[in-house]
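In: Make a model of this:
(chains A and B)
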Amino acid sequence: GENVEQHPSTLSVQEGDSAVIKCTYSDSASNYFPWYKQELGKRPQLIIDIRSNVGEKKDQRIAVTLNKTAKHFSLHITETQPEDSAVYFCAASPLGSQGNLIFGKGTKLSVKP
Amino acid sequence: NAGVMQNPRHLVRRRGQEARLRCSPMKGHSHVYWYRQLPEEGLKFMVYLQKENIIDESGMPKERFSAEFPKEGPSILRIQQVVRGDSAAYFCASSPTGRPYEQYFGPGTRLTVT
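Out: Next comes the predicted model:
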């Protein structure tokens, strides 16, 4: 079955710097890749997603890139702010899964003012 | 439009008791998913339901766990004879009809087994 690896597990950056989180997946048939942000004690929130027919997607300070050949995708946050501090999860949805998502183990991002 | 609702938010059970977790999807959403999150871990898929149907329960433990999504009322995740290892946060997500991947999560139920 699908397996999603996420790196790094922790990431600390200075306010204003960029942050990059990377994920790899094993099932080449996976076709949907969302990213979730989870603040301490709160629900995961969908922040951006990308489908396998697209290589890059951007929404203000957040962008996601997908390399289907290498089976990896990345989250890029520019001009980080303290409120970006949270745990970020990547996920993949294997073809035929009917929607269930396979999550990475998360990256704890700390943005220092 | 209210988001996904879950109750209770916190649940404490003694070993051997039953736990019932409820999830009301967003209005207009017909897909419900249950995930379990252990401390410092990602979310693990458990089950996917539509009204009156279990679509995929490949992530559910074979014993003690069951889920339903009746025609009327919330989806329920039921854990019988709880053990300490069941302590976790249980999240429900829902998605719009025809867009099963676009999942919106509820606030979760934190189950503690003493």
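In: which SS class is residue B:85?
Out: helix (DSSP: H, G, I helix; E, B strand; the rest coil).
In: what does chain A have sitting close to chain B?
Out: Residues of chain A lying near chain B by Cβ under 8 Å from any Cβ of the partner chain: A:6, A:32, A:34, A:36, A:42-46, A:49, A:89, A:93, A:97-106. Where C-beta positions appear, they are placed from N, C-alpha and C, glycine not excepted.
In: again, only this time at 10 Å
Out: Counting by Cβ under 10 Å from any Cβ of the partner chain, chain A comes close to chain B at A:1, A:4, A:6, A:9, A:31-34, A:36, A:38, A:41-46, A:49, A:51, A:87, A:89-91, A:93, A:96-106, A:108.
In: Pull out the buried members of these.
Out: Buried members of these, counted by 16 or more other Cβ atoms under 10 Å in any protein chain shown: A:4, A:6, A:31-34, A:36, A:38, A:43-44, A:49, A:87, A:89-91, A:93, A:97, A:99-106, A:108.
In: coming back round to it: from the residues of chain A next to chain B, which ones fall inside strands?
Out: Among the residues of chain A next to chain B, the residues falling in strands (DSSP state E) are A:4, A:6, A:32-34, A:36, A:38, A:45-46, A:49, A:51, A:87, A:89-91, A:102-103, A:108.
In: Okay, and the residue positioned nearest the centre of chain B sits in which element?
Out: Closest to where the C-alpha atoms of chain B average out (Cα atoms, centre = their mean) is residue B:34, at 3.6 Å. Counting by DSSP states H and E, the element that carries residue B:34 is strand B:29-37.
In: which secondary structure elements does that strand contact?
Out: Under the contact definition 3 or more Cβ pairs under 10 Å, 6 or more residues apart in numbering or on different chains; DSSP states H and E, strand B:29-37 sits against strand B:19-24, strand B:43-50, strand B:53-56, strand B:65-68, strand B:75-79, strand B:88-96, strand B:104-105.
In: how does it look with 7 Å?
Out: Using 3 or more Cβ pairs under 7 Å, 6 or more residues apart in numbering or on different chains; DSSP states H and E, the elements in contact with strand B:29-37 are strand B:43-50, strand B:88-96.
In: what's the closest of those strands to chain A?
Out: Checking these against chain A by Cβ to the nearest Cβ gives strand B:43-50 as the closest, at 4.3 Å.
In: Next, the angle strand A:86-92 makes with that closest one.
Out: Put simply, strand B:43-50 runs at 60 degrees to strand A:86-92, going by axes from the mean of the first three to the mean of the last three Cα atoms, to 10 degrees.
In: what about strand B:43-50, distance to the chain center?
Out: Between the centre of strand B:43-50 and the centre of its chain there are 7 Å (Cα atoms, centre = their mean, to the nearest Å).
In: now that strand against strand A:32-38, angle please.
Out: Counting by the same axes, to 10 degrees, strand B:43-50 lies at 120 degrees to strand A:32-38.
In: Determine the set of other helices and strands touching strand B:43-50.
Out: Checked by 3+ Cβ pairs under 7 Å, 6+ apart, strand B:43-50 has strand B:29-37, strand B:53-56 packed alongside it.
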